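Novice: any chance you can model this:
(2 chains)
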Protein chains: 2
Amino acid sequence: MRKVIFGGATTLDGYFARLDDSVDWLMWSEEASRIMADYWKNIDTILIGRKTYEVSRRMYGAKNTKKKTGSRGMSTYLFSRTLAQSPEPGVTLVTGDGVAFVRNLKNEPGKDMVILGGGALGASLLEGGVVDEVGFNIHPVLIGSGVPALPSMARQVDLELVSCEPFRNGCVNVVYKVGAAR
Amino acid sequence: MRKVIFGGATTLDGYFARLDDSVDWLMWSEEASRIMADYWKNIDTILIGRKTYEVSRRMYGAKNTKKKTGSRGMSTYLFSRTLAQSPEPGVTLVTGDGVAFVRNLKNEPGKDMVILGGGALGASLLEGGVVDEVGFNIHPVLIGSGVPALPSMARQVDLELVSCEPFRNGCVNVVYKVGAAR
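Specialist: This is a model prediction of the structure:
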């Protein structure tokens, strides 16, 4: 069955971005580049929350948002409770039960799926028990406030450490298999 | 100069404890026991926030709280904006500017100092630029809500990774040197 993967680069205090959505604290590393290149080979589907989608449109422009996802030949699903129609061709809007939708997608043939940004979408799918793997590239900085990578959840989710790799730049990359949500 | 150290066991979603202060998710490990035994050898002073102090009194009883700190021959400083006097002999109440107080303590002779529990005290001393080292034993679990290890701060604090050790039980122990607060 296709895996659903959640994660990204975070600060040690658990933020994906500053309150203004900027990520100027991100550090480049050869190790992360290598890991990400391998990672994308196994992915053919992007699950993206509405807020993260809008941030990436603001950052890259509407045209490039489409190109960015489209050029990789990725299926893109946009999760929203407020949008009435898909904002661009090639992006499928999901307005109903996100957990049930992802559970169905997992049974279809295909490669793995990644939850892009969106701590809110990530947390709801983790709570719903449809996430198989979480991974964070923990950066050596405390930014004090920002967009949480892991917003509050009503359930506990047990994890199993798969790998832990410290990078030369001081980042620590951790990957976990998701166990029971209870 | 004496170092001030902040940290403790956390969940991957950044909590020191559940909302009811319980830490039933804590995992024992030989590696953590060894690290903590070495760690305490270099400590002679405990800096504890009022909330954490009260939790430990509730957990261990008033008598044992004193014994616990006293038996180790530790100087204990209790930070509070609300208490009028020290709740027990051997515990010095600090009610004024905590950052200035700790800065002075660092210039006195002695071993290193540890901030016990208390994300709130830890964050205020980090913001104030008097913390030298942070370390977390990151447990492989998401508890969804709880007492944050790193509450919001008004400043960014840069860190430098000193060590990263994955344990056999899936915990990851990370230690950072604190750089500039800006």
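
Novice: which secondary element of chain A has the worst mean pLDDT?
Specialist: Within chain A, no helix or strand scores below helix A:62-70, which has a mean of 53 by mean pLDDT, DSSP states H and E.

Novice: C-terminal to that helix, what's the next element?
Specialist: The helix or strand immediately downstream of helix A:62-70 is strand A:75-79, counting by DSSP states H and E.

Novice: which strands and helices sit next to that following strand?
Specialist: strand A:43-49, helix A:50-60, strand A:91-94, helix A:98-107 (3 or more Cβ pairs under 8 Å, 6 or more residues apart in numbering or on different chains; DSSP states H and E). In this view, the C-beta of every residue, glycine as well, is placed from N, C-alpha and C.

Novice: let's see that with 7 Å instead.
Specialist: For strand A:75-79, the packing partners by 3 or more Cβ pairs under 7 Å, 6 or more residues apart in numbering or on different chains; DSSP states H and E come out as strand A:43-49, helix A:50-60, strand A:91-94.

Novice: I'd say A:V147 and A:Y15 touch.
Specialist: Yes - with contacts counted by Cβ atoms under 7 Å, A:V147 reaches A:Y15, the gap being 5.9 Å.

Novice: and these two? Which one has more around it.
Specialist: A direct count of neighbours by other Cβ atoms under 10 Å in any protein chain shown for A:V147 and A:Y15 places A:Y15 higher, at 26 against 22.

Novice: where does chain A have low pLDDT?
Specialist: Applying pLDDT under 70 to chain A picks out residues A:61-72, A:118.

Novice: residues of it that sit close to chain B?
Specialist: Contact residues (Cβ under 7 Å from any Cβ of the partner chain) of chain A with chain B: A:12-14, A:126, A:140-145, A:150, A:152-161, A:164, A:166, A:170, A:172, A:174, A:176.

Novice: repeat that for 8 Å
Specialist: With Cβ under 8 Å from any Cβ of the partner chain as the criterion, chain A meets chain B at residues A:12-14, A:25, A:126-127, A:134, A:136, A:138, A:140-145, A:150, A:152-161, A:164, A:166, A:170-172, A:174, A:176.

Novice: strands - which of those land there?
Specialist: Judged by DSSP state E, strands contain the following of those: A:134, A:136, A:138, A:141-142, A:157-161, A:164, A:166, A:172, A:174, A:176.

Novice: could you work out the most separated pair of the residues you listed?
Specialist: The two members of those with the most space between them (Cβ to Cβ) are A:V141 and A:D158, at 28.0 Å.
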